[in-house]
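Q: What follows is a protein structure lacking sequence information:
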């Protein structure tokens, strides 16, 4: 019986992965790895305490695990040492395969976040463990705040220029992770995962305008100016700088992919971005 563990299982992506795994494997073969197991009680699977920053918790938490989904840490700037702790613990515990949620085109992306992902991929390859790399593009959910902000301010703003963005929902990526974790033939594979339909920020603005009946233009700003806008709405300076730089990376093609590997893996089209816009508007 294959035991599958998921790090960050109470996070937004982790919860969706667990739900998908429960449709594919017995709950008793799934393990939620979380800082506080009490917070994972509603997941309906066994939970174990595991903290990226506490290596002593990791090897014990991974005992008996065959396949591990390492969901990348959200601690930007600390991901490499945190991920190293997990990879070393997985090797010590006898884990057979690691599946890692990376970023689209991690080895060539102009997006700064790619540096830590690329380094993590290298550590996984060097570990000697079997692995599968899930290079996820952007989440459509990343644009929910932009849509709400545009309704309030009367315009979309950013630094993505005319860059085409192949985003998909967290649920789409979670489906792909569940497939890779529960089926054969994925060892040694690197998947570039992205939405079937690409859009520019101007496209997003036009669609939001169409659905609301309001004129919501997209105003493209220099990177520094966009970072200032983000700081003005309360984002910490490092986060604002990261998001602005990511937009510039999108302008350079960092979030575009037309290979449709995601829809092939999950056996269905990815969520249409216009439908996502409609869902956000309905929720506001």
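A: That came through fine. All figures in this text were calculated on a predicted structure; none of them were measured in a lab.
Q: could you point out which element follows the strand or helix carrying residue 157?
A: Using DSSP states H and E, residue 157 sits within strand 156-158. The helix or strand immediately downstream of strand 156-158 is helix 170-182, counting by DSSP H and E.
Q: who does that following helix touch, helix- and strand-wise?
A: helix 12-22, strand 67-70, strand 97-103, strand 130-136, strand 189-193, helix 261-266 (3 or more CB pairs under 8 Å, 6 or more residues apart in numbering; DSSP states H and E). Every C-beta, even on glycine, is put in place using the N, C-alpha and C of the backbone.
Q: buried sites along stretch 15-27?
A: 15-22, 25 (16 or more other CB atoms under 10 Å).
Q: Helices of the chain, residue ranges please.
A: For the chain, the helices defined by DSSP state H occupy 12-22, 55-61, 79-93, 114-127, 144-153, 170-182, 201-212, 223-232, 237-251, 261-266, 273-283.
Q: Give me the buried positions along the shortest one.
A: To tie it back to what came earlier, the one meant is helix 261-266. Result for helix 261-266 [16+ other CB under 10 Å]: buried residues 261-263, 265-266.
Q: For that helix, name the packing helices and strands.
A: Going by 3+ CB pairs under 8 Å, 6+ apart, helix 261-266 lies up against helix 170-182, strand 189-193.
Q: TSV please, covering those and showing mean neighbour count.
A: Below are the helices and strands packed on helix 261-266 laid out as TSV (neighbours: other CB atoms under 10 Å):
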stretch	mean neighbour count
helix 170-182	23
strand 189-193	20
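Q: Could you point out which of the ones you listed sits nearest residue 127?
A: strand 189-193 (15.3 Å; CB to CB).
Q: Chain neighbours aside, what residue packs nearest to residue 33?
A: residue 50 (4.0 Å; CB to CB, 6 or more residues apart in numbering).
Q: Let me see the confidence value for that neighbour.
A: Note for residue 50: predicted pLDDT of 97.
Q: Determine the number of other residues adjacent to residue 152.
A: 10 (other CB atoms under 10 Å).
Q: Equivalent analysis for residue 61, please.
A: Residue 61 has 24 nearby residues by other CB under 10 Å.
Q: What values do phi and psi take at the closest residue to it other than its chain neighbours?
A: What sits nearest to residue 61 in space, not counting adjacent residues and going by CB to CB, 6+ apart, is residue 50, at 3.9 Å. The phi/psi pair for residue 50 (degrees, to the nearest 10) reads phi -150, psi 130.
Q: how near is residue 50 to residue 27?
A: 18 Å (CB to CB, to the nearest Å).
Q: Which among the helices and strands packed on helix 261-266 is found nearest to residue 77?
A: helix 170-182 (22.9 Å).
Q: And the contacts of the closest one?
A: Contacts to helix 170-182, defined as CB atoms under 8 Å, 6 or more residues apart in numbering, come from residues 2, 4, 12-13, 16-17, 19-21, 23-25, 67, 69, 99, 101, 132, 134, 136, 139, 141, 186, 191, 193, 195, 262, 265-266, 270-271.
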